[in-house]
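> Below are the sequence and a predicted model for it; my questions follow.
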Amino acid sequence: MTTGLLLTVTLIMFGIMIGAKSVMAQDATPTSITLYWTAPGDDGDVGTATVYDIRYSTSPIDENNWDNATQVTGEAAPQPAGSQETYTVEGLEPSTTYYFAIMAADEVPNWSTLSNIVAKTTLDEQTAPVAVADLNASDATSTTITLTWSAPGDDGSTGTASEYDIRYSTSPIDAFNWDDAVQLTGEPAPQPAGSLEMLIIGGLEPSTTYYFALKTADEVPNWSGLSNVASTMTGDEQDPPGIIADLNITDVTPSSVTLAWTAPGDDGNSGTASQYDIRYATWPITDTNWAAATQVISEPAPQPAGSAESFTIADLDPSTTYYFVIRTADEVPNWSDLSNIAQATTVDNVPPAAIDDLAASSGDYEGELTLRWTAPGDDGYEGIAGYYVILYSLDTIDASNWEQADLWVSPPSPLPAGQEQIFTLTDLQPGKEYWVAIKTVDDAFNISELSNCTCGEAKFEFSLDADDEIAEVPTDFRLAQNYPNPFNPSTTIEYSVPVRSNVAIRIYNVLGQLTATLVDEPKAAGNYAVDWGGIDDNGLQVASGVYLYRIEANGFNESKKMLLLQ
């Protein structure tokens, strides 16, 4: 037959097959309780049982909740009947009441009934780790300091503590300002008492004195007192980042250039630098003229050394050669030397789209012809074009004769692509039909195809008196529109002088700068013509663009525009 185990007030257990045997619970610590009992037999009070099942809970144990109690692992095999048994249950919580019970089994197994229940309370944990007294700060670099110390114990100077709280400041640390110091993250787990501990603290500022202190806690946690305060100064940062030697161009558009390079390091070619200074100019950049180059804004933050970097510089002018250079700085900052120079020329090969909806109608006032069309773009149907070339004639205009048509010298500025553009030609011959066509030019002098040619009648207002004649106002001096216009390679300018006068005809660029003087001498009354082949007063060929020509004679001044297309 089998019998239950009996626990006394101090934990008494009966054998499986025999009468009562004395069992006790004592030697409580904050985290353990030791059980004592007399071994039962395999059959009654003789022999040796096979296995024990020891369980505990923070609430009383009975047959109904036995399976829910915590089962101890690693119990020793039972000794012969009558032997004194002991087992220490570890890993308990301090200041907590625990309930224990035991069952024993033979080899079948036949299990005993549940022992009586014994309760025991773990002790309060009140012994804190000893304060570290040998904290040392050494081996300083420009950004790191190494701390060393001897590990304290869990209770005073024995055992193994649970955690460290390490802090630092740029002023001495004491019990009053401890909370204001910077707390580290990732401190090492304490080693057994007496072990040498070491921690490298990074991310510090160069040439700065730092103070360090620590506290140690056990599992409660009970915290030690403040350690001794250790201090040392970080070194000067003197190593600049490496020089970028592979700066190159990976993409060019009419208004942007994409740079690519390999990231240098914080110190030479290791680590991560702090910032880039990217600059560009329309002339080669050197140490001497670096400050005059245009500095890019919003450069990328450097990546770790060896990483592939890229950056696109926008808002550049088309058809322009640019030079690019980079310097790199660390956190001090120590600046690298200039990188190699990368060179690129922006391009714009896409002309504006041809206008296909040009329409003309009589204007509001006599001699006016109102034009309407949809603005094309700078590149096809995108962006804003540079300017219009508006051509008009009393005959139809097509690709074969557009250079012989008259040029309207004051065209409107193009609107953004897709917007309706309205413009009125004035001072035309009333009642006459005019043919009009337009070409569009972008900033890179890419010219669109000729628009559709439209026809409209200049506004004509009848006099109230049918017998009245419309008189023309005579002109003493006259400056005619050049022809052909636009022109390449040369154009003719006609002018009239009614009386002998000193006549000057000069060419200016759009900035108002004198480009060429065609005539500057006395002239008798008469009609004259002068040719200009796009050569300035220095004998050099001028660039494509809009130019002004002006006559000055006897107080008469008049200017007109013309367009040179190379």
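On my side now, so go ahead.
> For N289, give its distance to V296.
According to Cβ to Cβ, to the nearest Å, N289 and V296 sit 16 Å apart. For glycine as for every other residue, the C-beta is placed from the backbone atoms N, C-alpha and C.
> my bad, should have said E331
21 Å.
> Kindly report the same for R500.
Distance of R500 to V296, computed by Cβ to Cβ: 62 Å.
> Give the bridge partners for R506, please.
R506 has the following beta-bridge partners by DSSP bridges: T517, R550.
> pLDDT averaged over the helix or strand hosting W37, what's the number?
If you go by DSSP states H and E, W37 is part of strand 33-38. For strand 33-38, mean pLDDT is 90.
> Would you double-check that D179 falls in a helix?
Yes - assessed with DSSP: H, G, I helix; E, B strand; the rest coil, D179 lies in a helix.
> Just give the number of residues close to it.
Using other Cβ atoms under 10 Å, D179 is surrounded by 8 other residues.
> which residue is nearest the middle of the chain?
Geometric centre of the chain, nearest residue: P300, 6.1 Å, by Cα atoms, centre = their mean.
> where's that one relative to Y276, distance?
Using Cβ to Cβ, P300 is found at 7 Å from Y276.
> picking that back up, and R500 and V296? which has more neighbours close in?
In this view R500 and V296 are compared by other Cβ under 10 Å, and V296 has more residues nearby, 17 against 12.
> Next one: the residue lying closest to that one once chain neighbours are set aside from N485, what distance?
With Cβ to Cβ, 6 or more residues apart in numbering as the criterion, V296 has its nearest non-adjacent residue at 4.2 Å, and that residue is I278. Going from I278 to N485 by Cβ to Cβ gives 44 Å.
> cool, and V252?
34 Å.
> of those two, who's got more company?
N485 (24 against 15).
> residues touching that one, list them.
Listed by Cβ atoms under 8 Å, 6 or more residues apart in numbering, the contact set of N485 reads E403, D406, L407, T491, M562, L563.
> Quickly name whichever of those residues is closest to G202.
Minimum distance to G202 across the contacts of N485 is 66.1 Å, recorded for L563 (Cβ to Cβ).
> Outline the domain layout of this structure.
Per automatic domain parsing, the structural domains of the chain span 13-121, 136-233, 248-345, 359-457, 478-564.
> and stretch 492-507, average pLDDT?
For stretch 492-507, mean pLDDT rounds to 91.
> Stretch 203-214 now?
The average pLDDT for stretch 203-214 rounds to 93.
> Can you get me the start-to-end distance on it?
Taking Cα to Cα, to the nearest Å, stretch 203-214 runs 19 Å from one end to the other.
> And for E366, the neighbour number?
Neighbours of E366 under the rule other Cβ under 10 Å: 17.
> That one contacts G431, correct?
No - counting by Cβ atoms under 8 Å, E366 stays clear of G431, with 9.1 Å between them.
> shared neighbours of these two, anything?
Residues touching both E366 and G431 (Cβ under 8 Å, 6+ apart): A458, F460.
> so where's the chain uncertain?
Low-confidence segments of the chain (pLDDT under 70): 1-23, 461-475.
> Flag every buried residue along stretch 145-164.
145, 147, 149-155, 159-164 (16 or more other Cβ atoms under 10 Å).
> do stretch 57-75 as well
Quick answer for stretch 57-75 (16+ other Cβ under 10 Å): S57, I61, A69, V72.
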